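Participant: Fold the following, please.
(2 chains)
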Amino acid sequence: MSKKPESHYNLDKLHMIFAIAALIMLAAFGGLFMKDYDRSWKDYQRDFNGYEMEKTRVKHDSEYNALKNNKEYTTLLSEIEKAEKELSSNCSDMADLENEIVQLNTEYDLINQKAKFTNAEVDAAKYQFETAVGHHQGDAAATKTTFYNLKNKGDALKNDLETAKIKLDDKVAAKKNCTAKLDDLNRKKRNLSTKETLLLRKLKTIDPEQMSFITRIGNIIRDLPVIDMSNPTVKIKQVVLKDITDDRILTQVPKVDRCMTCHLGIDDPGYATFQQPFKTHPNLELYLSNDSEHPVEEFGCTVCHSGRGRGTSFNTTSHAPSSEKQKEEWEEKYDWKVDHHWEEPMLPIQNAQAGCFKCHSEQTPIKGAEKLNLGLQIIEKAGCYGCHDIKKYKDWPKAGPDLTKIASKTSKEWSYKWIQDPHKFRKNTWMPAFFNQSNNNDAASVKRSRQEIHAMVEYLFKNSEAFKLKNIPFKREPKNGEKLVSSLGCLACHQIDPKDTPTTRDSLRQQHGPNLLGLGSKTSKVWLFHWLKDPKRYHPETRMPSLRLTDQEAADIAEFLGNDSKKDFDKTLVPPVDKTVINEMTFDFLHKMEPAPTAKAKLAKMSLNEKLVYSGKKLISQYGCYACHDITGFDGAKPIGTALTEEGEKSLHKFDFGFVHIDHSKHAWFDQKLKDPRSFDKDKVKTAHDKLVMPNFELSEEEREAVVTALLGFVSERTVKNKKKARTPENLMVEKGQTLVRQLNCKGCHIMEDEGGSIQQSIIDWLVKYKEYERGEAQTIVTSFAPPNLIGEGKKVRPQWLFDFLHHPTPIRPWLNTRMPTYTYTASQLNGLLKYFTALDDEEFPFTDKVDTHMSKAEFEAGEKLFSNDYFGCAKCHIVGDKMPGGSPDSWAPNFALSKERLKPEWIIEWMMNPADLLPGTKMPTYFDPDNFDVSGPDDLLNGDEHEQIRVLRDYLMSLSENPETSPQNESTPPTE
Amino acid sequence: MENFKEIINFIAAPQIMFTALLAVFFFIFPPTDWLYSINRKLGLHKLWTKGGGIFLLVVTLGFFIFGLTDENFRLIVTKADNVPIVGLLFLVIFLLWLCLFQAENNDKRIAEGKGPMEAEDAKEKVLVWPDLVYIELIALVIVSALTLIWAISLPAPLEGPANPTVSPNPSKAPWYFLGLQEMLVYFDPWIAGVLFPTVIIIGFMAIPFIDNNPKGSGYYTFKERKMAISIFLFLWLLLWLFLIMTGTFLRGPNWNFFGPFEYWDIHKVEVLTNINLSELVYMIWQNKALPDNIFIREMYGFAALGIYFGLLPLILAKTVFRKVYDSLGPFRYSVFIVLLLLAVSLPIKMFLRWGFNIKYIVAIPEFFLNI
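Facilitator: As a prediction, the model looks like this:
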């Protein structure tokens, strides 16, 4: 600095400040880039690449060693060496040849280029010429000459090109001829080492040791800040789904899932033992992989799991911890926080199956979603849909019994005690508890509750209709009743004293009806007798079918069940009616409708009984009893609960957590609501009318978890409507049938769609107790005494027969003690079931192919022989009309006399060819070995043609009737020979 | 400690806080000679010395540091949206101190006959380059760097996807409009949202015509323009910034008041029992039904307004503002007094609300006219 410039301020100082400011600015810019560059997912990708590299190295090494030890490969290598030597001796002019090929190639390319350019000129000239003629523009003659000159030139070049090509091809062929043997050997080598080559190729892209120097430097540059915007090696991976959307209130936007940016091993089975985020998905057969039903490219991740698919860090993706422990772990490891701004947090892993419901809401059971299925079944069993509107359960029957004729069934005292505490009478009843709950167990509420129950009981009995109870047979045998109960099939739906085992879908089927403990305390034997004889007479809507009991049978069962009573329950006393409380209560209800003076005046005019009945009706309405029970005076009353159809997607801020200190999440709220339905009233000041009324079902932790899973799944389907199972008539038929099957508890007895047959356990007990089987033996033969497996029923039986059978069951397997009950189906239900069976097996409905089953005399005789004991001995096991086969009943088989009416002819053919294929585990022997079909039948009948033998045997079976002694010719038309 | 927080929470309520500030305001910023002398006697002018500056800094900073130990205080103050308002609070205090510090200095110099500091500066030659441009460049770099650092360390607060069916609670205007929003508590929307903003703009335009005092031009002084500075600071600090601070830090869900150490409970319920002047006069004082005729019903309100805007200016012109009236003349005086009365109507309305639960002076919902 030579001369100080003129200035007001000290310039040196300003320079210093400027320098410092500039450095701060630089640092700020640096920080800006670092912040943008430093993303957690990049670290995960680098870690994963490390694992992937190690894995590939190991795989490559083993593959490489295997190749080296492969004899075929080593000999091939030496052969190649030999061939190479031979080549140099055999084709001495190889080098010349190659040079010539290069030369010719160049010539060819040159001509090709010239030809292309000329062609372009020809096209332009053609246009000039055509417009000159067509539009009379310019000089037509001149353009014509130019065009044709150029065209000739182009044609000449084309000729040259073809000639050059021939020359080139000749030389190439000559070279190929020379190296033919070597090429072949090399191809073989390549085939053997494909795997190794692929692994090596992969290694070259990820393993720095295998990479070329240029690639290594290139990769580093690609990942540098700012430059990494073009094509970095670590980058966000995502799927964009067109037909699954995210709901953004007024618009649907395509779903974008970036989960695989960190969850890199999710679709690679090799990462099953790794920790998150690299761990493999536990069920690749069903999800993610391309040959599964839910490939990741089509479904993504968050459509099932929820969460924020576009997020790329732990917190912005809305992960949800499954437990308090995991929450703490995450808080420590990832600084995890609830993302209040995202309405659909990830489903905690224990509720993950909720995601299935969105698309599969109409199907039940949903295959593979056991917890969700259990939750749905508990909802069905508990009758949640009675108070809460749920679209899936629209028009479902009420969960509880009819109370319109209650006076004939039980006493006021019993009803009082039952309402007061149902679990005291039956510890695991599905009738929930309304009283002595967390919001009404204080002294004042208890005092009021007592009178509330009096009022409700009074209303029910006052409005009870007459139900005539006629005489019951005088002589009744409880022992026989017990035997009947255990053998007729009652235990498919009822249990007497169920054990405390975890609730499963199977155990719920066994509790389809109430359990039968302590019936003597509840009702009279006469009432039981009439109920058993004709359940619909007492309760027209009941799901209890008739088992076509004789008077004596019904009386014996009534005697057996009625003998059981609960002494301690009977002994508890009903508290007396308290007039003051009744007055207060009635006044409260009156006051809600009218001003206090009018209400008071009205109250004064009412008798005690009138007050009770008046309050009773109001209370039944308040507690919503009519949602599960038919009660006089409540026809068409609206459900009292919150609609649950889209409960799973309701905004969190619409849930009232009150003063209960739980996690602010939907699943925690649902769980708390189910655990203690009244708990959100805690510390709130409320009148008796304002209190929460949801009753307590006393669900276990597992049951609650299942129900919470279902509730979380209740969401709108608008984001996935293009992905749902097509609404074809067949699918609708199956879904409607599944609903009926659950409502009627068909699976309590029958195995359908691979599940059910819940009754079998009780049949084993029956076999042990009454048939003196050993337990182990009973377990092996239980299927012979259990109701049939209905797999393939639609394929097997004629719809008309099934219609008649369901309408009025006739015995097919007379050795079974279990009875197919008579349901009083509506036409819609019957059609629903028939369509369900046919749709399930992809059969035509209602008409099937007409099959000609007429036989010639010779055929008839052949059939008779095949049927006889000399050949297959069909009648050894099968019943024919009233003729029973020999041997023990556990080897018996259905009645042939019904075949013509019952079975589809095509099915019989398939059945005889391979019974085990249609009904795995069947007792029917395989007469025609499917592996050696052509030699499996007898050779001396029908020219040894197995197909003919089966057809003739089928036609013979179709000719059998109730009376096998009658000549079959009389039944069918005479032989046509 | 909790008790202290309780006390602060209590004091922070607008009724108390505003009244207290109003009570001391004209002693700290005295508009008249009499108040000025009291100000001197009390030694309040010492706030504008270096020691006073340190005192102000220590008090505000101390309060914030203490406050940050409280979870609720921290939650509100460190919210990314609110951080600038915290900065604003410190900046306002600093700049206010800086101006008045210089003004005090100049006043002293003028009293000694030396002329203001700025006059000394004017004697020196200052060049555009490097004295102006270089400093501007440095300022540019520093401000840019600070903005970057701020953006990195306190990212923009991203919220959930837009949902037109859900309004946030509390729904707050941008910070610079929070004063207007706070006025909505006391005035009908058309007054707080339309009339007042318009009047504020017109008022700014009118200042050069109303303020004809040539003193203080180009230099800081307090003594020579007591009235003007006092009125301006009253409007700026109490009727604008105070409302912004209240709106930012002390208004929670449902626009309920919450003390600085109070949890913002969305379920908090406050008593709302406001009545109109007509109801107060007829129903409570006279125990009569409201008249059907709108004009009879609202006549007291109209009368009050008539007195306020019609009679009061005349009285003031003869008494308190006699000097002002003399110097401005009738026309400019009317503009000045109407603007001033409009501004003062805000604290009046506030006190009417707090003291008598008055909702509107004139309430004619039939014509959507509420004053």
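
Participant: What is the burial count for B:Leu132?
Facilitator: 12 (other Cβ atoms under 10 Å in any protein chain shown). The C-beta positions use only the backbone N, C-alpha and C, and glycine is treated the same way.

Participant: go on, the one 3 residues further on?
Facilitator: Under the neighbour criterion other Cβ under 10 Å, B:Ile135 is assigned a count of 15.

Participant: Doesn't it belong to a helix?
Facilitator: Yes. Counting by DSSP: H, G, I helix; E, B strand; the rest coil, B:Ile135 is part of a helix.

Participant: Hmm, A:His8 and it touching each other?
Facilitator: No. Using Cβ atoms under 8 Å, B:Ile135 is not in contact with A:His8; the gap is 9.9 Å.

Participant: Quickly find the element holding B:Tyr36.
Facilitator: Using DSSP states H and E, B:Tyr36 sits within helix B:33-42.

Participant: of all of the stretch 251-371 of chain B, which residue lies closest to chain A?
Facilitator: For the stretch 251-371 of chain B and chain A, the shortest gap (Cβ to the nearest Cβ) falls at B:Ile266, measuring 8.7 Å.

Participant: where's that residue relative to A:His423, distance?
Facilitator: 38 Å (Cβ to Cβ, to the nearest Å).

Participant: just to revisit the earlier point, in this structure the residue of the stretch 251-371 of chain B closest to chain A contacts B:Trp255, no?
Facilitator: No. Under the criterion of Cβ under 8 Å, B:Ile266 is not in contact with B:Trp255, lying 11.9 Å apart.

Participant: of those two, who's got more company?
Facilitator: B:Trp255 (16 against 11).

Participant: Return the residues in contact with the more buried one.
Facilitator: B:170, B:185 (Cβ atoms under 8 Å, 6 or more residues apart in numbering or on different chains).

Participant: For A:Gly887, grab the count of nearby residues.
Facilitator: 10.

Participant: So which other helices or strands are in contact with the top helix by length along chain A?
Facilitator: Scanning chain A for the longest helix, with DSSP state H as the assignment, gives helix A:140-192. Applying 3 or more Cβ pairs under 8 Å, 6 or more residues apart in numbering or on different chains; DSSP states H and E, one finds that helix A:140-192 contacts helix A:71-90, helix A:94-135.

Participant: so which of those helices comes closest to A:Lys904?
Facilitator: helix A:71-90 (54.8 Å; Cβ to Cβ).

Participant: helices or strands up against that closest one?
Facilitator: Secondary-structure packing of helix A:71-90 (3+ Cβ pairs under 8 Å, 6+ apart): helix A:140-192.

Participant: Quick one: mean pLDDT over the very next helix or strand once past the helix it packs on.
Facilitator: The helix or strand immediately downstream of helix A:140-192 is helix A:194-206, counting by DSSP H and E. Mean pLDDT, computed over helix A:194-206, is 89.

Participant: helices or strands up against helix A:194-206?
Facilitator: Counting by 3+ Cβ pairs under 8 Å, 6+ apart, helix A:194-206 packs on helix A:40-69.

Participant: Tell me if the helix it packs on is near chain B.
Facilitator: No. Using Cβ under 8 Å from any Cβ of the partner chain, helix A:40-69 never reaches chain B; the gap is at least 15.3 Å.

Participant: and that helix, how far from the chain's centre?
Facilitator: Centroid separation for helix A:40-69 versus its chain: 37 Å, with Cα atoms, centre = their mean, to the nearest Å.

Participant: ditto for stretch B:31-42
Facilitator: Worked out by Cα atoms, centre = their mean, stretch B:31-42 lies 22 Å from the chain centre.

Participant: Report the rounded mean pLDDT for it.
Facilitator: In the prediction, stretch B:31-42 has an average pLDDT of 93.

Participant: Quick one: name whatever helix or strand follows the helix holding B:Tyr36.
Facilitator: Downstream of helix B:33-42, the next assigned helix or strand under DSSP H and E is helix B:50-68.

Participant: Was I right to think A:Arg190 contacts A:Thr197?
Facilitator: Yes. Between A:Arg190 and A:Thr197 there is a contact at 7.2 Å, judged by Cβ under 8 Å.

Participant: Now A:Arg222. Nearest residue, chain neighbours left out?
Facilitator: A:Pro232 (5.1 Å; Cβ to Cβ, 6 or more residues apart in numbering or on different chains).

Participant: and that neighbour, how many neighbours?
Facilitator: 16.

Participant: ok, for A:Lys181, nearest residue in space, not its chain neighbours?
Facilitator: A:Ala83 (5.3 Å).

Participant: give the contact list for the one you found.
Facilitator: Contacts of A:Ala83 (Cβ under 8 Å, 6+ apart): A:181-182, A:185.

Participant: any chance of these in TSV, plus neighbour count?
Facilitator: TSV is the format used below for these (neighbours: other Cβ atoms under 10 Å in any protein chain shown):
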residue	neighbour count
A:Lys181	16
A:Leu182	16
A:Leu185	18
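
Participant: need those in CSV with distance to A:Ser899, can you?
Facilitator: Output for the contacts of A:Ala83, formatted as CSV (distance: Cβ to Cβ, whole Å):
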residue, distance to A:Ser899
A:Lys181, 69
A:Leu182, 71
A:Leu185, 66
